[in-house]
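J.: Generate a structure from the sequence data that follows.
(4 chains)
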There are 2 protein chains.
Amino acid sequence: MATIKDIALKTGLSPTTVSRVINNHPYVDKTKRKKVLEAMEELSYVPNSSARRLRGQRTNTIAVIISRIVNPFFSHLVDAMGEIATEEGYQLVLCDSRLEKKRELQHLELLKTKQVDGVILASLQNKWEDIEPYTRYGPVISCNEYDSKAQMPSILCDQKQGGYMAVKHLIERGHTKIACAGGALRIELTRDRYRGYEEAMMEADLPVQEEFVFSSSYGIEDGKEVFRRIYAMENRPTAIFAGGDEVAAGIISEAKKMKFRIPEDLAVVGFDNQPIAELIDPGITTIDQPMKYMGTRAMQVMLDMVANNREVTYTREILPLELVIREST
Amino acid sequence: MATIKDIALKTGLSPTTVSRVINNHPYVDKTKRKKVLEAMEELSYVPNSSARRLRGQRTNTIAVIISRIVNPFFSHLVDAMGEIATEEGYQLVLCDSRLEKKRELQHLELLKTKQVDGVILASLQNKWEDIEPYTRYGPVISCNEYDSKAQMPSILCDQKQGGYMAVKHLIERGHTKIACAGGALRIELTRDRYRGYEEAMMEADLPVQEEFVFSSSYGIEDGKEVFRRIYAMENRPTAIFAGGDEVAAGIISEAKKMKFRIPEDLAVVGFDNQPIAELIDPGITTIDQPMKYMGTRAMQVMLDMVANNREVTYTREILPLELVIREST
DNA sequence: CTGAAAGCGCTTACAG
DNA sequence: CTGAAAGCGCTTACAG
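T.: The predicted structure follows:
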C-alpha cells in the first residue's frame, strides 16, 4: 500500500506538499500539483483513514442506537439518517440495543473510545443519569425517544397527544371499554402515550381498568398474545389502542383467526403509520409519525454539531402527530 | 482525555508496561498491574481506537452493503449480521446503495481507505470486473446476491430453484397464463429466478409471453403499479410470481381495490416469507428464504477471515429454498 | 518481568 | 509557494 512517503519519494517533493495536494490546499505550484496527482494515480494511492482519524481527532462516523432494526419504524428512521450521512461524507454505525440497557451502554462506549464522533439515540433504555457521563466525550442527541430530565438536543413527537387522539377517536366511536398495549412502562415515550390515554378516558368520565393495560408489547407475536389474553377475559374491552402497527397487526390477525369482526367486535388503533397499516385487511387506523423528517432532522442536527464543533445546547423540537383513520375503527 | 503517557507518568512506569496491562499481557508484576489499573480508573482512561487502528492496521469494523434497508428482507439479514458482529466485538457500518452502482462503489472505497476490515455484499449492483479491484484491499464476500464470475466466498440461495418451485406450484393449480414481476434483469439473482420460471413453463409446454414479464419491481408501490398494468391488459394473466413479498402485497392490495378475488381472479406467489406474508389477507404463498441463517453465516465467514487472516478462497454455500403455501394461490 | 525506541500514516504550525 | 520537524496515541520487537 502506497503512503504519502512513497509519493514524496517518487516526485522528489516533501510529504507536506503531497499532503497539501491531497487536501486541496491553495498555494501549491501547478506543475508540482500535477506531478503529485499523477504519482498518486500511478501508485494507486489512497489516504489511510486511521492515520487521518488519529491526527485529526475525528472519525466522520456517527452511531445510531435503535432497539430493533426489524421494526419498520426504525428501518425507515435509519434510512433517512443514512441518506443525509452519506450525502455529507459520514459513515453510519448501526447499533441495536435489543431493548437491553447493557447493550445500549456498550454502544455508547464507541464515543468514549473515539470510534464515532457522535451518537444519536433513537431508543433510550437507560436513565439520563446513566447516559449523561458519556456526553463529555462527544455530542449525544435523542431522536424519537427522550427523557424529560435529559440535557441534550432532542427531536421528538408529542406522544401524549398521540395517545390522547387515538383514544379520543375510539371514544367518539362509542367505545367505553378501551384497552391499551404499549411498550415497557419504564420508557418515558410509552408512559406519555399512556397519559394521553388516561386523559382521554378521564375527560369522558370513563374508568381506566388495570386489566386492560398491557405492557412490553413490540412485535407481531406480542400483538397475537395480547389478543389471546383479551379473548380469555370474562369482561372484554371492545377497543384497543396499540403502541405500534406491528402489535396492532398481530392483534387483528389473531382476532380474525378467532372469528372476531374488526371493528365491530374489537376496534383497533395502531401507531406509526407503517406500510403494513394500509395493506392489512381491515386497514389500520393509526397515528402517523413523521419518520423520515425525524431521521433527517436528527442527522442534520448531529452533523451540524460535529462539523462546526458547535456547543451541545439543550433544545427540543416537538413534532405534532396525526390521526389516520382507516377501517379498523 | 487521559492517554497512556498520563498513566505512565502517574504510576512511574513505562508506557510499555501500561500497554501490557491494558492488553492483558502475562508477565506483569501483580503490584504494578494493580497500580496501573487504579490509575486508569482514577483518570478514567480509555484507549483511543484511532491510535489502535493505525498501529494495529485493523478496524474491527465490517461494512454491509444492502440496496434498501426498508425492505424487511434486508433488515432481517442485517439484524442477524449485527448480532454476530456485536458478539465478537465488531462494529457494523450500514451502507445503502439504493440500487445505484455508483453508491455501491463509493461504499467499497471504505475498504481501500482502511475504514473497515471487510465488506459483505448483500446486494450487488456492479459487475464482478468492477468489484474485483477492491478485493486486494481486504476480504469481500457476498451474501444473498452473487455473480457467477466472481471469485469470492458467497452465501446464497438456489434462486433458480425458487423460481421453478413457485411457478410449478402455479401450474399445478391449473394456471397457464403466468406473469412474473422481479427486480432488474441486470441482476443475476433476478435472472436466475426468471430462468426457473422459464424452465417450469417450458416443462409444461406453456409459452412465455413477453408482456407478462415485469422487471424492476421492488416495493409495495411497484406491486400496485404492476397490478394496474395487468388490469389494463386485454388478455390478462391469471397468476403472477413476484420477486418479493412487498411486491406481492402491493399487487394483492391493488387487486382487491379493483374487486379482484385472490386467488380466483389472480393467484399470487411472493418471495422471502416476510412477516407480512402471513398477516395480509389472503396470506401470501411464498418462497421462504433463510434470512437469519444467511446473515449469521455470512458474518461468521467474514469474521473468520479477518480475525484469522485467512486467505480469501473462492467458496460457495448454496442453500435450498422452500415453498410455503398460503391462501393467495 | 521491564523499558527505550521506533514507527503506524498522516497534518499542521513554524520558518523560510 | 515549500519543507523539516513534531506529534496524534498506541504497540511491539529488541535488549536487558
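
J.: quick one: the helices in chain A?
T.: Ranges of helices in chain A, per DSSP state H, are A:4-11, A:15-22, A:30-42, A:49-56, A:72-87, A:101-112, A:128-131, A:159-172, A:188-203, A:220-231, A:245-257, A:275-279, A:291-307.

J.: Whichever residue of the stretch 201-329 of chain A sits closest to chain B: neighbour count?
T.: Proximity of the stretch 201-329 of chain A to chain B (CB to the nearest CB) peaks at A:Asp281, 4.0 Å away. To be clear about C-beta, it is placed using only N, CA and C from the backbone, and glycine gets the same treatment. When neighbours are defined as other CB atoms under 10 Å in any protein chain shown, A:Asp281 has 17 of them.

J.: Nearest residue to A:His175 in space, ignoring adjacent ones along the chain?
T.: Distance criterion CB to CB, 6 or more residues apart in numbering or on different chains; nearest residue to A:His175, sequence neighbours excluded, is A:Ala239 at 4.0 Å.

J.: The one you found against A:Leu266, yeah?
T.: Yes - assessed by CB atoms under 8 Å, A:Ala239 is found in contact with A:Leu266 at 6.7 Å.

J.: In a markdown table, list the helices of chain A along with distance to B:Met201, mean neighbour count and mean pLDDT.
T.: Formatted as a markdown table, those follow (distance: least, CB to CB, whole Å; neighbours: other CB atoms under 10 Å in any protein chain shown; pLDDT from 0 to 100):
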| stretch | distance to B:Met201 | mean neighbour count | mean pLDDT |
| --- | --- | --- | --- |
| helix A:4-11 | 58 | 18 | 93 |
| helix A:15-22 | 56 | 18 | 94 |
| helix A:30-42 | 51 | 15 | 93 |
| helix A:49-56 | 51 | 19 | 95 |
| helix A:72-87 | 35 | 22 | 97 |
| helix A:101-112 | 49 | 19 | 96 |
| helix A:128-131 | 58 | 16 | 96 |
| helix A:159-172 | 49 | 23 | 98 |
| helix A:188-203 | 52 | 20 | 97 |
| helix A:220-231 | 35 | 20 | 97 |
| helix A:245-257 | 34 | 25 | 97 |
| helix A:275-279 | 29 | 22 | 96 |
| helix A:291-307 | 41 | 20 | 95 |
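
J.: Which one of those lies nearest to B:Met233?
T.: Smallest distance to B:Met233 across the helices of chain A (CB to CB): 23.6 Å, for helix A:275-279.

J.: circling back to that earlier point, take the helices of chain A and lay them out in CSV including distance to DNA strand C.
T.: Rendered in CSV, the data for these read as follows (distance: least, CB to the nearest atom of the strand, whole Å):
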stretch, distance to DNA strand C
helix A:4-11, 3
helix A:15-22, 4
helix A:30-42, 10
helix A:49-56, 3
helix A:72-87, 20
helix A:101-112, 20
helix A:128-131, 31
helix A:159-172, 43
helix A:188-203, 41
helix A:220-231, 49
helix A:245-257, 46
helix A:275-279, 43
helix A:291-307, 14
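
J.: List phi and psi for the residue of the stretch 201-329 of chain A closest to chain B.
T.: The phi/psi pair for A:Asp281 (degrees, to the nearest 10) reads phi -120, psi 120.

J.: Enumerate every residue touching it.
T.: Residues counted as contacts of A:Asp281 (CB atoms under 8 Å, 6 or more residues apart in numbering or on different chains) are A:Glu327, B:Lys256, B:Ile280, B:Asp281.

J.: at 6 Å what do you get?
T.: For A:Asp281, the contact set (CB atoms under 6 Å, 6 or more residues apart in numbering or on different chains) comprises B:Asp281.

J.: same question, A:Ile65
T.: By CB under 6 Å, 6+ apart, the residues touching A:Ile65 are A:Cys95, A:Ser97, A:Glu104, A:His107, A:Leu121, A:Ser123.

J.: Check A:Asp147 too.
T.: Applying CB under 6 Å, 6+ apart, the residues near A:Asp147 are A:Trp128, A:Glu188.

J.: what about 10 Å?
T.: A:Leu121, A:Leu124, A:Asn126, A:Lys127, A:Trp128, A:Glu129, A:Ile131, A:Glu132, A:Ser154, A:Ile187, A:Glu188, A:Leu189 (CB atoms under 10 Å, 6 or more residues apart in numbering or on different chains).

J.: quick one: which of the residues you listed is nearest B:Pro139?
T.: Proximity of the contacts of A:Asp147 to B:Pro139 (CB to CB) peaks at A:Leu121, which lies at 31.9 Å.

J.: related to what we said a few turns ago, any chance of the contacts of A:Asp147 in CSV, plus distance to A:Ile252?
T.: Listed next are the contacts of A:Asp147 as CSV, based on distance: CB to CB, whole Å:
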residue, distance to A:Ile252
A:Leu121, 31
A:Leu124, 29
A:Asn126, 33
A:Lys127, 34
A:Trp128, 36
A:Glu129, 39
A:Ile131, 36
A:Glu132, 41
A:Ser154, 32
A:Ile187, 24
A:Glu188, 28
A:Leu189, 23
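
J.: DNA strand D next: which of these are close?
T.: Restricting the contacts of A:Asp147 to those touching DNA strand D (CB under 7 Å from any atom of the strand) yields no residues.

J.: Report the contact partners of A:Thr190.
T.: Per CB under 10 Å, 6+ apart, neighbours of A:Thr190: A:Glu145, A:Gln159, A:Gly163, A:Cys180, A:Gly182, A:Gly183, A:Ala184, A:Ser215, A:Ser216, A:Ser217, A:Gly243.

J.: now the second one, nearest residue through space, not along the chain?
T.: Closest residue to A:Gln159 in three dimensions, ignoring its sequence neighbours and counting by CB to CB, 6+ apart: A:Asp192, at 4.1 Å.

J.: The fifth one too?
T.: When the adjacent residues along the chain are set aside, A:Gly182 lies closest to A:Gly243, with 3.4 Å between them (CB to CB, 6+ apart).

J.: Same check on the first one?
T.: The shortest distance from A:Glu145 to any non-neighbouring residue, by CB to CB, 6+ apart, is to A:Leu124 (3.9 Å).

J.: quick one: pLDDT of that neighbour?
T.: Looking at A:Leu124, its pLDDT reads 97.

J.: In contact with it, which residues?
T.: Counting by CB under 10 Å, 6+ apart, A:Leu124 touches A:65, A:67, A:97, A:101, A:104, A:131, A:142-147, A:150, A:154, A:187-189.

J.: Report the central residue of chain A.
T.: The centroid of chain A falls nearest to A:Ala122 when counting by CA atoms, centre = their mean (3.3 Å).

J.: Between A:Ala239 and A:Leu266, which contacts overlap?
T.: A:His175, A:Ala179, A:Ser328, A:Thr329.

J.: Give me every residue in chain A lying close to DNA strand D.
T.: Residues of chain A lying close to DNA strand D (CB under 7 Å from any atom of the strand) are A:13-17, A:20, A:26-29, A:32, A:51, A:54-55, A:57.

J.: which of the residues you listed sit farthest apart?
T.: Those two in the residues of chain A next to DNA strand D that are separated most widely, counting by CB to CB, are A:Asp29 and A:Gln57, at 30.1 Å.

J.: how does chain A divide into domains?
T.: Here the domain assignment for chain A is A:4-47, A:58-157+A:291-320, A:159-288, based on automatic domain parsing.

J.: So which of these is nearest B:Phe260?
T.: Smallest distance to B:Phe260 across those (CB to CB): 13.6 Å, for domain A:159-288.

J.: and the closest one, how far from the chain's centre?
T.: Centre-to-centre, domain A:159-288 and its host chain are 22 Å apart (CA atoms, centre = their mean, to the nearest Å).

J.: what distance separates the start and the end of that domain?
T.: End-to-end distance of domain A:159-288: 11 Å, with CA to CA, to the nearest Å as the criterion.

J.: and what of stretch A:257-264?
T.: End-to-end distance for stretch A:257-264: 15 Å, by CA to CA.

J.: what does that stretch rub up against?
T.: Residues from elsewhere that reach stretch A:257-264 (CB under 10 Å, 6+ apart): A:170, A:173, A:175, A:224, A:227-228, A:230-231, A:236, A:238-239, A:251-252, A:254-256, A:265-266, A:268-269, A:280-282, A:284-285, A:326-329.
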